[in-house]
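Visitor: Any chance you can model this:
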Amino acid sequence: SAFVAVLSYSRMLYLEFTLSQCQEDFIRCHINAFRYFNGICRKVLYDNLKLVVLSRVGSDVRFNPRFLEFSGVYGFEPVLCNVARGNEKGKVENGIRYIRESFLAGRTISNWAGLQREARQWLDGVANVREHRTTREQPVARWEREKAQLQALPCREYDASILRTGRSTHQALVSFDGNVYTVPPAWA
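Guide: Alright, predicted model coming up:
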């Protein structure tokens with residue numbers, strides 16, 4: 001899976017590949033994006049995905065409590081797109097198309113460990129230094145003007161650790177995310 005974030009003014013792009021779409025990885029990708037942008041937006045626009053919103057009936061929204069806690073710690077307001085309004089998230093959709101055409105086109109992913117490193121090199125050496133077709137400026141040049149508007153990163157990072165309750169077998173094994181691990185003797 002790929003996590004993509006785009007700053008609205010500069011069109012500065014962030015890309016991160018993950019092996020899951022769990023809540024904790026989603027939050028971790030946000031933290032990494034905020035670090036990459038060296039700041040936090042005051043508002044972040046989202047589609048109506050379950051990792052952000054549990055239910056929505058008209059204007060009545062029930063946010064995912066863990067994500068709401070995270071947004072509170074980082075001081076940004078999650079804003080939801082209207083239902084069935086794909087045009088409201090065009091910057092990210094265009095970013096995804098650009099990633100497919102520029103970074104992923106013709107690429108065979110054989111080395112998972114190096115993929116994120118290659119993506120970061122592509123962001124820094126191609127995507128964010130190109131002339132953006134809408135703004136007619138480099139995203140990195142516009143970001144220089146935008147970063148003063150971003151909020152500072154928090155002193156303490158949000159704990160996005162994966163927490164799952166589990167029970168070990170009589171052989172001191174525990175299953176997690178499709179893998180089986182041994183339990184330390186003190187915890188067996």
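Visitor: The worst-scoring helix or strand of the chain on mean pLDDT - contacts with which helices or strands?
Guide: Using mean pLDDT, DSSP states H and E, strand 173-176 stands out as the lowest-scoring helix or strand of the chain, at a mean of 83. When contacts are defined as 3 or more Cβ pairs under 8 Å, 6 or more residues apart in numbering; DSSP states H and E, strand 173-176 packs onto strand 179-182. The C-beta positions use only the backbone N, C-alpha and C, and glycine is treated the same way.
Visitor: chain center to the strand it packs on: distance?
Guide: 28 Å (Cα atoms, centre = their mean, to the nearest Å).
Visitor: rewinding a little: so for the least confident helix or strand of the chain, what gets flagged as buried?
Guide: Judged by neighbour count (16 or more other Cβ atoms under 10 Å), strand 173-176 contains these buried residues: Val174.
Visitor: what comes into contact with it?
Guide: Under the contact criterion Cβ atoms under 8 Å, 6 or more residues apart in numbering, strand 173-176 has outside partners 164, 166-168, 180-183.
Visitor: wait, isn't Ile162 in contact with Cys22?
Guide: Yes - at 6.7 Å, Ile162 and Cys22 qualify as touching, with contact defined as Cβ atoms under 8 Å.
Visitor: Show me which of the two is the more surrounded one.
Guide: Comparing Ile162 with Cys22 by other Cβ atoms under 10 Å, the one with more neighbours is Cys22, at 15 against 12.
Visitor: what's that one in contact with, if anything?
Guide: Contacts for Cys22 (Cβ under 8 Å, 6+ apart) come out as Ile162.
Visitor: and the gap between it and Arg56?
Guide: 21 Å (Cβ to Cβ, to the nearest Å).
Visitor: Which members of the contacts of strand 173-176 are the farthest-apart pair?
Guide: Across the contacts of strand 173-176, the longest distance by Cβ to Cβ is 16.6 Å; it joins Arg164 and Thr182.
Visitor: The most centrally placed residue in the chain: which element?
Guide: Nearest to the geometric centre of the chain sits Cys29, at 3.6 Å (Cα atoms, centre = their mean). If you go by DSSP states H and E, Cys29 is part of helix 23-37.
Visitor: now Arg142
Guide: helix 139-146.
Visitor: between that helix and helix 23-37, how big is the angle?
Guide: Counting by axes from the mean of the first three to the mean of the last three Cα atoms, to 10 degrees, helix 139-146 points 80 degrees away from the direction of helix 23-37.
Visitor: Alpha carbons of helix 139-146, as PDB, please.
Guide: Extracted C-alpha coordinates of helix 139-146, given in PDB (Å, rounded to 0.1, in the frame of the first residue of the first chain):
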ATOM      1  CA  PRO A 139       6.900  22.500  -5.000                       C
ATOM      2  CA  VAL A 140      10.100  22.900  -2.900                       C
ATOM      3  CA  ALA A 141      10.300  26.600  -3.800                       C
ATOM      4  CA  ARG A 142       6.700  27.200  -2.800                       C
ATOM      5  CA  TRP A 143       7.200  25.100   0.300                       C
ATOM      6  CA  GLU A 144       9.900  27.600   1.400                       C
ATOM      7  CA  ARG A 145       7.100  30.200   1.600                       C
ATOM      8  CA  GLU A 146       4.500  27.800   3.000                       C
END
